[in-house]
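Mind looking at a prediction? Sequence and model below.
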Amino acid sequence: MKNNMPAYPSQELYQDYYGPMNEGMTLRDYFAGQVIMGIWAGRSDSVTYDDTARWAYAQADAMMEARDK
């Protein structure tokens with residue numbers, strides 16, 4: 001996944017008291033979060049949070065691979 005850049009890049013660089021700037025979530029994390037929102041919109045109580053997270057990241061990985069093509 002060569003394009004796993006920050007989801008909300010900024011041209012401004014800040015450094016906080018504790019060290020270098022945290023660039024925030026990656027594009028993969030953003031995609032997974034969007035997948036999770038879709039899953040929860042039609043959620044069944046039989047689906048565990050761990051299963052939801054694994055499935056969301058599997059979908060995010062597929063989106064990242066499709067994006068690289």
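Alright, I've got the coordinates.

packing partners for the longest helix along the chain?
Looking across the chain with DSSP state H, the single longest helix is helix 49-68. Applying 3 or more C-beta pairs under 8 Å, 6 or more residues apart in numbering; DSSP states H and E, one finds that helix 49-68 contacts helix 27-41. For every residue, glycine as well, the C-beta is placed using N, CA and C.

In the helix it packs on, which residues are buried?
For helix 27-41, burial by neighbour count (16 or more other C-beta atoms under 10 Å) applies to 27, 28, 29, 30, 31, 32, 35, 36, 39.

And those residues, which is the shakiest by pLDDT?
pLDDT across the buried residues of helix 27-41 is lowest for residue 39, at 82.

nearest residue to it other than its sequence neighbours?
Excluding the flanking residues, the one nearest residue 39 by C-beta to C-beta, 6 or more residues apart in numbering is residue 52, at 5.5 Å.

ok, so of the buried residues of helix 27-41, who is nearest residue 66?
Nearest to residue 66 out of these is residue 31 (C-beta to C-beta; 10.4 Å).

can you pull the contacts of the closest one?
Neighbour list for residue 31: 59, 60, 63, 64 [criterion: C-beta atoms under 8 Å, 6 or more residues apart in numbering].

Give me the pLDDT for residue 67.
The model's pLDDT for residue 67 equals 87.

Roughly how far does it sit from residue 35?
14 Å (C-beta to C-beta, to the nearest Å).

pLDDT weak spots in this structure?
In the predicted model of the chain, residues 1-3, 8-23, 43-44 satisfy pLDDT under 70.

what about 90?
For the chain, applying pLDDT under 90 flags the ranges 1-27, 36-49, 51-52, 67-69.
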